[in-house]
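Visitor: Got a predicted model here, sequence first, then my questions.
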Amino acid sequence: EVPVDEGSKQGDFFTEDSKAFVEGAATKGLLSSSKKLSDLAKNLKSYDAIFLAGGFGTIGDFKGSEELTSIVTKAFEEGVIVGAVCHGPVGLLGLKEGKESALKGMAVTGFSSAEEKACGYAEKNSVQAEMEKLGAVYTCAAEAFHPHVVTAEKNGAFCVTGQNPASSKGTAEKVVELIKKKKEQPSPTSGGVIILCTNASKVELEDVKGEKVTKDTGLWLEEAAAPYKVFKDGGLEVTVASLGGGEVPVDAGSKQGDFYTEDCKAFEEGEATKGLLSSTKKLSDLAKNLKSYDAIFLAGGFGTIGDFKGSKDLAAILAQAFKEGVVVGAVCHGPVGLLGVEEEEGKESLLKGMEVTGFSSAEEKACGYAEKNSVQAEMEKIGAAYTCADAPFKAHVVTAEKDGKVCVTGQNPASSKGAAEKVLEIIKNKKQ
């Protein structure tokens, strides 16, 4: 049950909207049997918005609630619009961005110090005072109890706050306006797929004798070419990118004999594709609007050991992709880019306990390099549930889901097409 402040049912405070809500056949029982927010939060991304209604009662449960803070944080991350009115914004006070308040520098409003004083309570405890303490850019109407609504956007997340009861309708109207605008825009998955390739043409490796060697390498061509064809044939836009942007070197071995597949040939010779690897986009630029993509796919090649592995920037972008519902795929040595992704910042590896695959120890040895440096060894070291095919160089694809985060990995070049097909299947299922 939700208790109602008696004062809100007196005189002019008991508006026509209030009367209709209390007496309407469809609404009169809603406050006596409200849903539990934590239950709804299990599928939060299915909602357009969450709106924090006010009342002094919110000081008793919204304020200081770690559970509410966690849910509202999740809402912002998943693109759910957050609205709050009067004292409702106290539910925003605990939001963090790193070590600082997420409200710092954000334009907001809420029950003002003057309004708090007019109600007979200390100004220092007002929503205004609490927000200003956190460094928020607080504004209010020129006169107490006049409507005032503020809309703020920060890192792609929208927050709409209303100052007082008179701002309730205006705040809700603004939320509805934002929802409609979002729905008029292209689907959030209209950006297609990013195929990420290495910029590294040489890497230092340890061979089976334990000696350090320098390998001329780069992208293993099939691991970009086959996925490119799968995604394009599936009707998706494809953007080829790299960490540094510009040219992607190709491992000469991937253009020899049976390794140089029909997909590789078509990719190198096709009018739409033959220049793609000479001028790739920089991933960090694309990551500014990461949620507009369906998936990011990490193509392999030994070169990835030189730039994907140990890249904090890549790990952060992939963590962001997982949080925003972007499907993450990787094949062969590409999964080394996943090694640094953490469950939460400063926490254990996201791969711990997750079913994954990648270039096996047996395959690494067959290529003349130390097994201990294989993708398999690296994944097992951090507690991933690694599996591989029953024989080296056979196709093997693994799909894993962990807390809503979807990851598809392929073991070797022969798995490139299958891994991409699985990513495409997941994208299509999400769009249905």
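Guide: In hand now; what should we look at? Residues are numbered from 1 along each chain as shown.

Visitor: can you give me phi and psi for F51?
Guide: Per-residue torsions, F51: phi -120, psi 120 (degrees, to the nearest 10).

Visitor: just checking, it touches G83?
Guide: Yes - contact criterion CB atoms under 8 Å: F51 and G83 qualify, at 4.2 Å. All C-beta spots, glycine's among them, are computed from the backbone N, C-alpha and C.

Visitor: shared neighbours of the two, anything?
Guide: Shared contacts of F51 and G83, defined by CB atoms under 8 Å, 6 or more residues apart in numbering, comprise T171, A172, V175.

Visitor: Select from those residues the one having the most neighbours.
Guide: With neighbours taken as other CB atoms under 10 Å, the top of the shared contacts of F51 and G83 is T171, carrying 28 neighbours.

Visitor: I'd assumed G83 was in contact with that one.
Guide: Yes - using CB under 8 Å, T171 makes contact with G83 at a distance of 5.6 Å.

Visitor: so what's in contact with those two at the same time?
Guide: Residues touching both T171 and G83 (CB under 8 Å, 6+ apart): F51, V160, T161, G162.

Visitor: Closest one of those residues to T214?
Guide: V160 (56.5 Å; CB to CB).

Visitor: Doesn't the closest one lie inside a strand?
Guide: Yes - assessed by DSSP: H, G, I helix; E, B strand; the rest coil, V160 belongs to a strand.

Visitor: Tell me the backbone dihedrals of the spatially most distant residue from the centre of the chain, please.
Guide: Here the chain reaches farthest from its C-alpha mean at G11, the gap being 47.1 Å by CA atoms, centre = their mean. Dihedral pair for G11: phi 50, psi -140, per degrees, to the nearest 10.

Visitor: And it, how far from S18?
Guide: Distance of G11 to S18, computed by CB to CB, to the nearest Å: 11 Å.

Visitor: go on, E401?
Guide: 44 Å.

Visitor: higher neighbour count, these two?
Guide: More crowded of E401 and S18, by other CB under 10 Å: S18, with 15 against 11.

Visitor: how far does the host helix or strand of the more buried one sit from the chain's center?
Guide: Taking DSSP states H and E as the definition, S18 sits inside helix 16-23. Relative to its chain's centre, helix 16-23 lies at 40 Å (CA atoms, centre = their mean, to the nearest Å).

Visitor: about what we covered before: adding distance to V408, neighbour count and pLDDT, write the shared contacts of T171 and G83 out as JSON lines.
Guide: Formatted as JSON lines, the shared contacts of T171 and G83 follow (distance: CB to CB, whole Å; neighbours: other CB atoms under 10 Å; pLDDT from 0 to 100):
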{"residue": "F51", "distance to V408": "36", "neighbour count": "16", "pLDDT": "98"}
{"residue": "V160", "distance to V408": "37", "neighbour count": "27", "pLDDT": "98"}
{"residue": "T161", "distance to V408": "40", "neighbour count": "32", "pLDDT": "98"}
{"residue": "G162", "distance to V408": "43", "neighbour count": "31", "pLDDT": "98"}
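
Visitor: pLDDT score for Q185?
Guide: Per-residue confidence (pLDDT) for Q185: 53.

Visitor: swap that for F76, please
Guide: The per-residue pLDDT reported for F76 equals 89.

Visitor: How about the one 3 residues further on?
Guide: Looking at G79, its pLDDT reads 85.

Visitor: Ramachandran coordinates for it?
Guide: Residue torsions, per degrees, to the nearest 10, at G79 are phi 80, psi 20.

Visitor: If we ignore the residues flanking it in sequence, what's nearest it?
Guide: Sequence neighbours aside, K291 is the residue nearest to G79 in space, at 6.5 Å (criterion: CB to CB, 6 or more residues apart in numbering).

Visitor: again, but for L351
Guide: Spatial nearest neighbour of L351, excluding adjacent residues (CB to CB, 6+ apart): A384 at 4.1 Å.

Visitor: ok, V82 touching I50?
Guide: Yes - between V82 and I50 there is a contact under CB under 8 Å: 5.6 Å.
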